[in-house]
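1. what follows is a protein structure lacking sequence information:
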């Protein structure tokens, strides 16, 4: 089975639509999202609608949780602005959808146990697992999840680590990449070959940045999209 993984859409409808266009060209069986559908950018409701229409499953990210609860105590000013805007912009039906999101998805495919979450099995919404995390930590997390493959989001950084037969993946961010590459990021994982294929696609950053400014969101949120930071 070929499974597409996306993460951290962050209300960036233009990037999300381009990723979905690319996935239509790929022979994928399922698409899963590692959370943070909303936050930062200008189109939270539109992104929720597309997730409901096109994605086979999504977990809850910290920005989804903050939008649902109004709790932004751990966010910087840009995160707070994005959450407050999302809470104003989305409908009650959208809120119900965010509330319905689980904090992890567990798959059994081709003798593989795959654990999908936003943060980590230890703290599914908030913990950051960076690409340079220590082997010992990653193996501990795989043991906690009772999984062969961990797929996580949250850092906005693509990751592929293989340690003692365990696989640790992050598809990077659709809507706000932070690895110095402004192109939207996603990943396709083949459960038979166990190979991960990371993909990048360009989108209309100008249009996204213009919408951010028109909605009164911080200028930095527009500027960072050009830089991939």
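-> Right, received. Where do you want to start? Worth saying up front: this structure is predicted, and the values here are computed from it rather than measured.
2. ok, residue 71 - contacts?
-> Neighbour list for residue 71: residue 65 [criterion: CB atoms under 8 Å, 6 or more residues apart in numbering]. The way it works is simple: take the backbone N, C-alpha and C, and place the C-beta from them, glycine included.
3. that one and residue 117, how far apart?
-> Applying CB to CB, to the nearest Å, the value for residue 71 to residue 117 is 19 Å.
4. one more: residue 192?
-> Noted for residue 192: a distance of 23 Å to residue 117, by CB to CB.
5. off-centre distance for whatever helix or strand residue 53 lives in?
-> Secondary structure from DSSP states H and E places residue 53 in helix 44-54. In terms of CA atoms, centre = their mean, to the nearest Å, the centre of helix 44-54 is set 13 Å apart from its chain centre.
6. neighbouring contacts of it?
-> By CB under 8 Å, 6+ apart, helix 44-54 touches 9-13, 16-17, 20, 31, 33, 37-38, 58, 67, 85-86, 89-91, 94, 97-98, 175.
7. if you set the cut-off to 6 Å instead, what comes out?
-> Helix 44-54 is contacted from outside by 9, 11, 13, 16, 20, 37-38, 58, 86, 89-90, 94, 97, using CB atoms under 6 Å, 6 or more residues apart in numbering.
8. stretch 78-86 now?
-> With contacts defined as CB under 6 Å, 6+ apart, stretch 78-86 is touched by 38, 39, 40, 44, 66, 67, 72, 217, 218, 221.
9. swap the cut-off to 8 Å and go again
-> Counting by CB under 8 Å, 6+ apart, 10-11, 38-42, 44, 63, 66-67, 70, 72, 75, 215-218, 220-221 sit against stretch 78-86.
10. that stretch: which residues count as buried?
-> Under the neighbour-count criterion of 16 or more other CB atoms under 10 Å, stretch 78-86 has 79, 80, 81, 82, 83, 84, 85, 86 buried.
11. of all the residues you listed, which comes closest to residue 132?
-> Closest approach to residue 132 among the buried residues of stretch 78-86 (CB to CB): residue 79, at 23.3 Å.
12. in which helix or strand does that closest one reside?
-> helix 77-89.
13. what distance separates that helix from the centre of its chain?
-> Here the centre of helix 77-89 is set off from its chain's centre by 17 Å, with CA atoms, centre = their mean.
14. let me know the angle separating it from helix 44-54.
-> Using axes from the mean of the first three to the mean of the last three CA atoms, to 10 degrees, the direction of helix 77-89 lies 70 degrees away from that of helix 44-54.
15. contacts for the following helix or strand past helix 77-89, please.
-> Counting by DSSP H and E, the next helix or strand C-terminal to helix 77-89 is helix 92-100. By CB under 8 Å, 6+ apart, the surrounding residues in contact with helix 92-100 are 37, 38, 44, 45, 48, 51, 52, 60, 64, 67, 68, 90.
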